[in-house]
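Peer 1: need the 3D shape of this:
(2 chains)
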There are 2 protein chains.
Amino acid sequence: MDLCVIGTLAYDSIETPFGSAQDALGGSATYIATSASYFTQPVGVVGVVGGDFSSEALAFLQSRGVDISGVEIKTDGRTFRWAGRYHHDLNQRDTLDTQLNVLAEFDPVIPESMRNARFVCLGNIAPALQSKVLDQMIAPEFIVCDTMNFWIEGAFDDLRLVLARVDCLIINDSEARLMTNEPNLMRAARMIMQMGPHILIIKKGEHGALLFTSEGIFSAPAFPLENIFDPTGAGDTFAGGFIGYLARQGEITESNLRQAVVVGSAMASFCVEKFSVDALKDLTQEKIRERIQAFKHLSHFEHEEISIANPAA
Amino acid sequence: MDLCVIGTLAYDSIETPFGSAQDALGGSATYIATSASYFTQPVGVVGVVGGDFSSEALAFLQSRGVDISGVEIKTDGRTFRWAGRYHHDLNQRDTLDTQLNVLAEFDPVIPESMRNARFVCLGNIAPALQSKVLDQMIAPEFIVCDTMNFWIEGAFDDLRLVLARVDCLIINDSEARLMTNEPNLMRAARMIMQMGPHILIIKKGEHGALLFTSEGIFSAPAFPLENIFDPTGAGDTFAGGFIGYLARQGEITESNLRQAVVVGSAMASFCVEKFSVDALKDLTQEKIRERIQAFKHLSHFEHEEISIANPAA
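Peer 2: Okay, here's the model as predicted:
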């Protein structure tokens, strides 16, 4: 198996200024795997759901080439639920309700078939569980880790243990500052990379993303969207596109990493167009290619022709 | 004359977390003209100073190929003074004191030699004065306008009259939202362009800049600086590099505009390294070229090689 994803499968209830959705399919593993499935299949998912998780949702994941043999179905339990409301500008959201349900007792067991996955994506979940997953993997080539302010603030020691073992961390800018108490993102990045990840991605929402590697910094633009409908899952969709594309390429090079960031950004730009994974359901290779082309046009300038000659002459 | 700049010449007193400066040379016209002078000379400046404006400062401007014949020296008056303090993260600043002094009665008179300037930069100054300048210019080819929240809030009708007459507006993201009451920058941009400017630049500080033209959107990254010392004048320096480069190129094309944004960003990245215009005093063509090269490396990715083939195959 090329890619194994650990994360949540959930039902999200979302309020935005433009509409709302009740118990829509969500969860970090759902978004990561769906996004990644456009670049690599099968995608193995490890997670837990309750007896109330619909067969339609499971069928959807399978239709995307997701191997759900690692999804534990606790028939007498309820699926993880999250409810949130976005502010008018969509940049901020309030959590209205979190019901861990079956997630509270989740003890991840990686199926034999997935233990030698070459690429591992540790979706946003308790760092202690991320460590447990790593304990069961057999020499993965590349490990991507996602986390959030909740764990940075409440389980930082656990998180440090995970960071020492991963290749790439994906966080957003406020999380980078929270982790380091350093307002300057460049300095914050250096401090975080000293904790373990030799590759760091700092997402900046509507401002794009920064990729830090040993070769320098890549600044990817954000796709200029006029109609952001629901930002839920955009970050996970980014991570899925990123690691899915890398799993497809196979080799971790500076060039592949930069392309993977653009691919992840392109996938995230689709995600926000609709609720849940709806915008990721019927993508075609052509649509994705067009979106990536649009990213190129967004950032391209003719460098070779910029001439700086003596103006006093 | 290729470029005429209207704006302020000032003495700034700055407090940053890293140091402070008293009565340092500043003002929008100072920064714009100094920056532009690396790409085009002479640069005509129109402004007003008091008898306390030092001859060293005037000599410095002349040494940069700035034509100061349009700078009115009111010997019995005092130069415009501004005092500000930057917050710890340098993104926010408080104005501690503003003394308009000779600026209060400023009535700009454009010297004959500058009235047919091909390129005009209306630096940040009262919109009513920007209009007076335009009234005196003879068919300029390209007019760039800068403004700030102070005028958007206090002189919006005057500003609308200016906007209807300019080609390009440069503002920052909070000003774009203030002008339109629209949190989405893409929609805000469209609304602003309907007011007159067919080219709009929205600067986003540490997040780079967006260029809007009839051909689409260009997203330029911000230079990743670890040591931002004093942000004062960065926006004006950007404007100067932008219009200076365009004046040098002569033609307003999409390609030149994108390059000009990168050039402006490169110049701004130098400005913030020191107080006042100090970092702009001894730049060389080589240093500027290297910085632009760094911008290219910052945003470049290999587009043609991103292959999106069917992963289920």
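Peer 1: in which helix or strand does residue A:158 reside?
Peer 2: Residue A:158 belongs to helix A:156-163 when assigned by DSSP states H and E.
Peer 1: pull out the buried positions in that helix.
Peer 2: A:158-159, A:161-163 (16 or more other Cβ atoms under 10 Å in any protein chain shown). Every C-beta, even on glycine, is put in place using the N, C-alpha and C of the backbone.
Peer 1: and the helices in the stretch 151-300 of chain A?
Peer 2: Using DSSP state H, counting those that start in this stretch, the helices of the stretch 151-300 of chain A run over residues A:156-163, A:173-180, A:185-193, A:234-249, A:254-271, A:285-299.
Peer 1: the fifth one and chain B, any residue contact?
Peer 2: To tie it back to what came earlier, the one meant is helix A:254-271. Yes: applying Cβ under 8 Å from any Cβ of the partner chain, one finds helix A:254-271 touching chain B at A:255, A:258-259, A:261-263.
Peer 1: between those, identify the one with the most neighbours.
Peer 2: residue A:263 (31 neighbours; other Cβ atoms under 10 Å in any protein chain shown).
Peer 1: now the residue lying closest to it once chain neighbours are set aside: how far from residue A:171?
Peer 2: Distances taken as Cβ to Cβ, 6 or more residues apart in numbering or on different chains put residue A:245 closest to residue A:263, at 4.2 Å, once the chain neighbours are dropped. Distance from residue A:245 to residue A:171, counting by Cβ to Cβ, to the nearest Å: 19 Å.
Peer 1: report how many residues lie close to residue A:60.
Peer 2: Residue A:60, neighbours per other Cβ under 10 Å, totals 16.
Peer 1: doesn't residue A:281 make contact with it?
Peer 2: Yes: contact criterion Cβ atoms under 8 Å: residue A:60 and residue A:281 qualify, at 7.5 Å.
Peer 1: could you dump the helices of the stretch 151-300 of chain A to JSON lines with distance to residue B:129 and mean pLDDT?
Peer 2: Formatted as JSON lines, these follow (distance: least, Cβ to Cβ, whole Å; pLDDT from 0 to 100):
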{"stretch": "helix A:156-163", "distance to residue B:129": "54", "mean pLDDT": "98"}
{"stretch": "helix A:173-180", "distance to residue B:129": "38", "mean pLDDT": "95"}
{"stretch": "helix A:185-193", "distance to residue B:129": "38", "mean pLDDT": "95"}
{"stretch": "helix A:234-249", "distance to residue B:129": "45", "mean pLDDT": "96"}
{"stretch": "helix A:254-271", "distance to residue B:129": "42", "mean pLDDT": "96"}
{"stretch": "helix A:285-299", "distance to residue B:129": "36", "mean pLDDT": "93"}
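Peer 1: just name the most buried of those helices.
Peer 2: Mean neighbours per residue, mean count of other Cβ atoms under 10 Å in any protein chain shown, is largest over the helices of the stretch 151-300 of chain A for helix A:234-249, with a mean of 28.
Peer 1: helix or strand right after the lowest-mean-pLDDT helix or strand in chain A?
Peer 2: One helix or strand of chain A scores below all others by mean pLDDT, DSSP states H and E: strand A:93-99, with a mean of 90. The helix or strand immediately downstream of strand A:93-99 is strand A:119-122, counting by DSSP H and E.
Peer 1: ok, that next one: who's next to it in the sheet?
Peer 2: Based on DSSP bridges, the pairing partners of strand A:119-122 within the sheet are strand A:3-6 (parallel), strand A:142-146 (parallel).
Peer 1: so which of these is the most packed in?
Peer 2: strand A:3-6 (a mean of 32).
Peer 1: re earlier: could I get the buried residues of helix A:156-163 as CSV with distance to residue A:53?
Peer 2: Listed next are the buried residues of helix A:156-163 as CSV, based on distance: Cβ to Cβ, whole Å:
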residue, distance to residue A:53
A:158, 27
A:159, 28
A:161, 30
A:162, 27
A:163, 31
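Peer 1: so which of those are also by chain B?
Peer 2: Okay, of these, nothing touches chain B (Cβ under 8 Å from any Cβ).
Peer 1: can you tell me which of the residues of helix A:254-271 next to chain B is nearest chain B?
Peer 2: Proximity of the residues of helix A:254-271 next to chain B to chain B (Cβ to the nearest Cβ) peaks at residue A:258, which lies at 4.0 Å.
Peer 1: so what's the closest one up against?
Peer 2: Residues near residue A:258 by Cβ atoms under 8 Å, 6 or more residues apart in numbering or on different chains: A:211, A:218, A:220, B:300-302.
Peer 1: now list the buried members of the residues you listed.
Peer 2: A:211, A:218, A:220, B:300-301.
Peer 1: before we move on, which element is the residue lying closest to residue A:277 once chain neighbours are set aside in?
Peer 2: Nearest non-adjacent residue to residue A:277, counting by Cβ to Cβ, 6+ apart: residue A:34, 5.0 Å away. For residue A:34, the host element (DSSP H and E) is helix A:28-36.
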